[in-house]
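>>> A predicted structure for the sequence below; I have some questions about it.
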Amino acid sequence: MKYIFGVWVDYDGNVYRRDLRYSHKPFVKVQFDKSKNEYLRVTINNKTYKVHRLIAMAFIPNPENKRTVNHKDGNKTNNHVDNLEWSTYLENNQHAINIGLRKNTLSQRSAASEIKSKLVLDTKTGIFYDNAKQASGAIGFNYRRLSAMLSGQNPNKTNFIYV
C-alpha cells in the first residue's frame with residue numbers, strides 16, 4: 001500500500017483510511033461514489049478524486065508527464081494497477097476507438113457531437129490533433145476561422161473534421 005493525499009491505496013484499486021479507534025482493524029476501506037460518467041471517485045478532506053488517478057499517481061511512473069489515465073480493458077470501474085496506464089488525450093481516444101468503446105464514424109456524426117468533441121482529424125493525412133488550436137497551428141491557419149468551419153458556422157474548406 002502507498003500513502004497519497006491522506007489515504008492509503010493498494011494495487012487492486014482500493015482506498016483506505018487509517019482508523020485509530022480500532023486496534024484490530026487499523027485501516028477502513030473507503031466507500032466510492034460513481035460520477036456521471038461512471039468513474040469511481042472518493043472524497044478526501046472535502047476534495048473529490050477519481051480513484052483510477054490516485055492509483056496511477058501512487059504506483060505508475062509518468063516520466064513523460066502524460067495527463068490522462070487509461071483503463072486498458074475499457075472498464076472504468078477496474079482500477080487495478082495492471083489495468084491502468086498514463087496516456088495523452090489523443091492516445092486515450094484512439095484506444096477507445098480501437099477497443100470499440102468509441103465509434104470512429106466520419107460520415108455519421110451529428111453537428112452536436114462535432115461541437116462537443118475536441119479531437120480533430122486531417123482526413124487527407126490521417127493525423128489526429130488534440131484540438132482545433134493544435135490543428136490550426138500545424139498548418140498555419142487562423143484558429144477561430146478553423147473552429148468556425150469545424151463547427152459548421154462557415155463552409156469547411158479544409159481537410160479537417162471533428163471526431
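Thanks, I have the structure now. A quick note: this is a predicted structure, and the numbers were derived from the prediction, not measured. Numbers count the residues shown, from 1 in each chain.
>>> Where do the helices of this protein begin and end?
Assigned by DSSP state H, the chain shows helices spanning 51-59, 89-98, 111-116, 132-139, 143-150.
>>> what does the second one contact?
Helix 89-98 is contacted by residues 66-68, 70, 72, 74, 87, 102-104, 118-119, 128-130, 163 when judged by C-beta atoms under 8 Å, 6 or more residues apart in numbering. C-betas here are computed from N, CA, C, even on glycine.
>>> what do you get if the cut-off is 7 Å, keeping everything else the same?
Contacting residues not belonging to helix 89-98 are listed as 67-68, 70, 87, 102, 104, 119, 128, 130 [C-beta atoms under 7 Å, 6 or more residues apart in numbering].
>>> hey, C-alpha coordinates of that helix in PDB?
Presented in PDB, the C-alpha positions along helix 89-98 are these (Å, rounded to 0.1, in the frame of the first residue of the first chain):
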ATOM      1  CA  TYR A  89      -5.800  12.600 -24.600                       C
ATOM      2  CA  LEU A  90      -5.200  11.500 -28.100                       C
ATOM      3  CA  GLU A  91      -3.800   8.100 -27.100                       C
ATOM      4  CA  ASN A  92      -6.800   7.600 -24.800                       C
ATOM      5  CA  ASN A  93      -9.300   8.400 -27.500                       C
ATOM      6  CA  GLN A  94      -7.500   6.200 -30.100                       C
ATOM      7  CA  HIS A  95      -7.500   3.400 -27.600                       C
ATOM      8  CA  ALA A  96     -11.300   3.800 -27.100                       C
ATOM      9  CA  ILE A  97     -11.800   3.600 -30.800                       C
ATOM     10  CA  ASN A  98      -9.500   0.500 -31.100                       C
END
